[in-house]
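Peer 1: okay, here's the prediction I keep looking at, along with the sequence it came from:
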Amino acid sequence: MKKVLITGANKSIGYETARQLIRQGYYVYLGSRDRQKGQQAVEALNAEGLTQVEAVEIDVSNAESVAAARQEIGQKTDVLDVLINNAGISGGMAQAATTTDPALIRQVFDTNFFGPIQVTQAFLDLLQQSEAPRIVNVTSGLGSLTLHSDPTWRYYAVKGAAYGPSKTALNAYTIALAYELRDSAFKVNAVDPGYTATDFNHHSGFRTVDDAAAQLVKYATLDADGPTGGFFSLDNNPETGVSPW
């Protein structure tokens, strides 16, 4: 049975991703910053008959929490097949480049950029034991510099000093990580689940969590011929799914 760790999985897209992967036969370590909320999510899945799941407390912005989660999971398995770096924060809106407190920008980067790096490095040894390891870094279309430079893009005016730049940085890390692991069985990709109606955006998105999770699941379950080092977004390119950087 393949095993997957999903950070920020106690609700919304992360939770639905867990549900879909369990239904595909995966065992899910459901990461949550708050263990109680994670356990409540597990109980909700159990009520649907989905029992291949357990809660793991992990605050991706806290190195000690990440290390504790690694120790906890390492006591239960020698192999991790998939890592989905899903946990993220918006930092609130608006985020004017001229006035946003640098402390807020650092807070967003701690979760959205440094968080995935800490988690990836902590669990890399378990992933290396898998025959087909997959890493999905959950990004956003707002991380595309190409599109942010295009006045015809529908989200051209949605700019900010914290959230978008944190995802741009995560995209850059994804490229570096995929390159470093290019001669292995790893598939490492940045995946934008699209503008989805969740608590994250006060349910203003037009995509459903089912569709968004399916996008993450697609790249978490790539076969050996699948891409690596890519940026994929149905919002930015509905025909091919490939997004400009």
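Peer 2: Yep, that arrived.
Peer 1: how close does Gly91 sit to Val217?
Peer 2: Separation of Gly91 from Val217 (Cβ to Cβ, to the nearest Å): 27 Å. (C-beta placed from N, C-alpha, C; glycine too.)
Peer 1: okay, the lengthiest helix in the chain in PDB with CA atoms only?
Peer 2: For the chain, the helix with the greatest residue count under DSSP state H is helix 163-180. What follows is helix 163-180 as a C-alpha-only set of coordinates in PDB (Å, rounded to 0.1, in the frame of the first residue of the first chain):
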ATOM      1  CA  TYR A 163       1.200  35.600  -1.200                       C
ATOM      2  CA  GLY A 164       1.900  35.700  -5.000                       C
ATOM      3  CA  PRO A 165       5.700  36.200  -4.500                       C
ATOM      4  CA  SER A 166       5.800  33.300  -2.000                       C
ATOM      5  CA  LYS A 167       4.300  31.000  -4.700                       C
ATOM      6  CA  THR A 168       6.800  32.400  -7.300                       C
ATOM      7  CA  ALA A 169       9.600  31.500  -4.900                       C
ATOM      8  CA  LEU A 170       8.100  28.000  -4.300                       C
ATOM      9  CA  ASN A 171       8.000  27.500  -8.100                       C
ATOM     10  CA  ALA A 172      11.700  28.400  -8.300                       C
ATOM     11  CA  TYR A 173      12.500  25.900  -5.600                       C
ATOM     12  CA  THR A 174      10.400  23.200  -7.400                       C
ATOM     13  CA  ILE A 175      12.600  23.700 -10.500                       C
ATOM     14  CA  ALA A 176      15.800  23.400  -8.400                       C
ATOM     15  CA  LEU A 177      14.600  20.300  -6.600                       C
ATOM     16  CA  ALA A 178      13.400  18.600  -9.700                       C
ATOM     17  CA  TYR A 179      16.700  19.300 -11.400                       C
ATOM     18  CA  GLU A 180      18.700  17.900  -8.500                       C
END
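Peer 1: packing partners of it?
Peer 2: Other elements packing on helix 163-180 under the criterion 3 or more Cβ pairs under 8 Å, 6 or more residues apart in numbering; DSSP states H and E are helix 102-109, helix 115-127, strand 134-138, strand 187-192.
Peer 1: so which bits of that helix are buried?
Peer 2: 163-171, 173-174, 177-178 (16 or more other Cβ atoms under 10 Å).
Peer 1: related to what we said a few turns ago, export the helices and strands packed on helix 163-180 to JSON lines and tack on distance to Pro238?
Peer 2: Output for these, formatted as JSON lines (distance: least, Cβ to Cβ, whole Å):
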{"stretch": "helix 102-109", "distance to Pro238": "28"}
{"stretch": "helix 115-127", "distance to Pro238": "26"}
{"stretch": "strand 134-138", "distance to Pro238": "19"}
{"stretch": "strand 187-192", "distance to Pro238": "12"}
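Peer 1: closest one to Gly49 among these?
Peer 2: strand 134-138 (25.6 Å; Cβ to Cβ).
Peer 1: centre of the chain to the closest one, how far?
Peer 2: Computed by Cα atoms, centre = their mean, to the nearest Å, the chain-centroid distance of strand 134-138 equals 6 Å.
Peer 1: which of the three states applies to the residue lying closest to Asp211 once chain neighbours are set aside?
Peer 2: Distance criterion Cβ to Cβ, 6 or more residues apart in numbering; nearest residue to Asp211, sequence neighbours excluded, is Gly194 at 7.0 Å. Following DSSP: H, G, I helix; E, B strand; the rest coil, Gly194 is assigned to coil.
Peer 1: just checking, Gly194 touches Pro238?
Peer 2: No. Applying Cβ atoms under 8 Å, one finds Gly194 not in contact with Pro238, separated by 9.5 Å.
Peer 1: so for those two, which residue has more residues nearby?
Peer 2: Gly194 (20 against 9; other Cβ atoms under 10 Å).
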